[in-house]
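# Please work out how this folds:
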Amino acid sequence: MRDKTMTADEVVSRLADGMTLGIGGWGSRRKPMALVRALLRSEITDLTIVSYGGPDVGMLAAAGRVRRLVAPFVTLDSIPLEPHYRAARERGALELTEVDEAMFLWGLRAAANRLPFLPVRAGLGSDVMRVNPGLRTVTSPYEDGETFVAMPALRLDAALVHVNRADRRGNGQYLGPDPYFDDLFCEAADAAYVSCERVVDTAELTKEAAPQTLLIRRHTVTGVVEAPNGAHFTSCAPDYGRDEAAQREYAGTPWPEFAERFLAGDEERAS
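Residues are numbered from 1 along each chain as shown. Next up, the predicted model:
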C-alpha cells in the first residue's frame, strides 16, 4: 500500500487561500501545532476555520489568516478564554458562526456521512437561532411531530489532526483518554493530514494498545507527518501534558513577539 508520509511543509503546499480548514483536538489538548506552525510560515490566508478552538484559532486569528470561524468555543482550558482570539474578535477581524458543542458535532457527522444536515435537539430554546439567522428547523415526519434544529454539514476542504501514533498508510492511533472527534474531522474533509508523535509499523499499533484505539482509518487520510512533540504546548496524553508555563507565556505575550519564537520553533525545542 502507498506510503503517505510527508513533511509539514509539504502538507501546507497542498493548501490554498480561501479553504475551509478543520483543525482537530479540543481547546488546548492534542492540537496539531507543528502543522499550524507550518501554516503560519506560509502566506495562506482568507481561511474558514472549523475547530473546537484553542491556540490554533488564537494564533491564526492573531496572524490575520482567518476570514470566518465556526466553533462552539475558543479556550486554553486552564485559561478559560483564548486571549489572542478574544482580541481579534473584539476588533472585528473575523466573522464568527458560534454553535452549541453538540450542534458542531452533528455538523461534522453530517459531513462525514455526506448528508446536507442532521436534526439535533441542541440549540432549541437558546439564542443560537437568533445569532445564526441562517439556521433552519425541521419537523419530524412521524407521529411525534417534534421540531429539531437542522444542523448543516460542516464540510471541509482539508483537515489537520494530531495523534500519538500512525503508520505510513494513514492509520492513526490515540493513546490518551479522549478521541476528540479527530476521526470525524478526517471523514468530513476532502483531504486529511495526520501528524503524530511517532510513525510505527502497522503491526506495532496493536502491540501498544487495544484495536479500539485505532481512531483514524487509512482510507480517510491523505498524508502522514511524523512530528515528535508536535502538539506542544498543548497536551498529547500520555506522551506529555500541557506545558502550562509556555501556555501562560503565549497568553501574556503580544502575538508578534511570541510569533517570532514560535515560527522559528524555539519554544518547541525549549520544552
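# mind listing the helices in the protein by residue range?
8-13, 33-41, 55-62, 83-90, 101-112, 128-131, 182-187, 202-208, 244-252, 255-264, 266-269 (DSSP state H).
# Relative to residue 227, which of those is closest?
Residue 227 lies closest to helix 33-41 among the helices of the chain, at 3.9 Å (CB to CB). In this view, the C-beta of every residue, glycine as well, is placed from N, C-alpha and C.
# as a whole number, average confidence for the closest one?
Across helix 33-41, pLDDT averages out at 98.
# ok now it, how far from the chain's centre?
Here helix 33-41 is found 13 Å from its chain centre; the criterion is CA atoms, centre = their mean, to the nearest Å.
# How about stretch 75-84?
Offset of stretch 75-84 from its chain centre (CA atoms, centre = their mean): 16 Å.
# if we can go back for a sec, switch the helices of the chain over to JSON lines; also include distance to residue 170.
Shown next, in JSON lines, are the helices of the chain (distance: least, CB to CB, whole Å):
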{"stretch": "helix 8-13", "distance to residue 170": "13"}
{"stretch": "helix 33-41", "distance to residue 170": "15"}
{"stretch": "helix 55-62", "distance to residue 170": "21"}
{"stretch": "helix 83-90", "distance to residue 170": "31"}
{"stretch": "helix 101-112", "distance to residue 170": "16"}
{"stretch": "helix 128-131", "distance to residue 170": "35"}
{"stretch": "helix 182-187", "distance to residue 170": "9"}
{"stretch": "helix 202-208", "distance to residue 170": "10"}
{"stretch": "helix 244-252", "distance to residue 170": "30"}
{"stretch": "helix 255-264", "distance to residue 170": "28"}
{"stretch": "helix 266-269", "distance to residue 170": "24"}
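# who's sitting farthest from the centroid in this protein?
Distance to the chain centre peaks in the chain at residue 143, reaching 38.7 Å (criterion: CA atoms, centre = their mean).
# Look up how far residue 162 lies from that residue.
Distance of residue 143 to residue 162, given as CB to CB, to the nearest Å: 46 Å.
# What of residue 3?
20 Å.
# who has more neighbours, the two?
Using other CB atoms under 10 Å as the criterion, residue 3 and residue 162 rank with residue 162 on top: 31 against 11.
# What is the neighbour count of the closest residue to the more buried one other than its chain neighbours?
Spatial nearest neighbour of residue 162, chain neighbours left out: residue 32 (3.9 Å); criterion: CB to CB, 6 or more residues apart in numbering. Residues lying near residue 32 (other CB under 10 Å) number 30.
# residue contacts, residue 32?
If you count contacts by CB atoms under 8 Å, 6 or more residues apart in numbering, residue 32 has them with 23, 24, 25, 56, 160, 161, 162, 195, 227, 230, 231.
# In strands only, show me those.
23, 160, 161, 162, 195 (DSSP state E).
# Name the member of those with the most neighbours.
That'd be residue 160 among the ones in strands among the contacts of residue 32, by other CB under 10 Å, with 35 neighbours.
# Please report how far it lies from residue 212.
From residue 160 to residue 212 the distance is 24 Å (CB to CB).
# repeat for residue 253
Residue 253 is 40 Å from residue 212, by CB to CB.
# Between those two, tell me which one has more neighbours.
Neighbour count, other CB under 10 Å: between residue 253 and residue 212, residue 253 has more, with 15 against 9.
# residues touching that one, list them.
Applying CB under 8 Å, 6+ apart, no residues contact residue 253.
# same check, this time on residue 50
20, 21, 22, 23, 70, 71, 154, 156.
# and which of the residues you listed is nearest to residue 14?
In terms of CB to CB, no member of the contacts of residue 50 lies closer to residue 14 than residue 21, at 11.4 Å.
# Just confirm residue 258 contacts residue 250, I think it does.
Yes: Residue 258 is within contact range of residue 250, at 5.6 Å (criterion: CB atoms under 8 Å).
# So between those two, which is more surrounded?
residue 250 (25 against 19).
# How much space separates that one from residue 29?
For residue 250, the distance to residue 29 equals 15 Å [CB to CB].
# try residue 13
The gap separating residue 13 from residue 29 is 28 Å, by CB to CB.
# Comparing the two, which residue is more hemmed in?
Each of residue 13 and residue 29 has its neighbours counted (other CB under 10 Å); residue 29 has more, 21 against 13.
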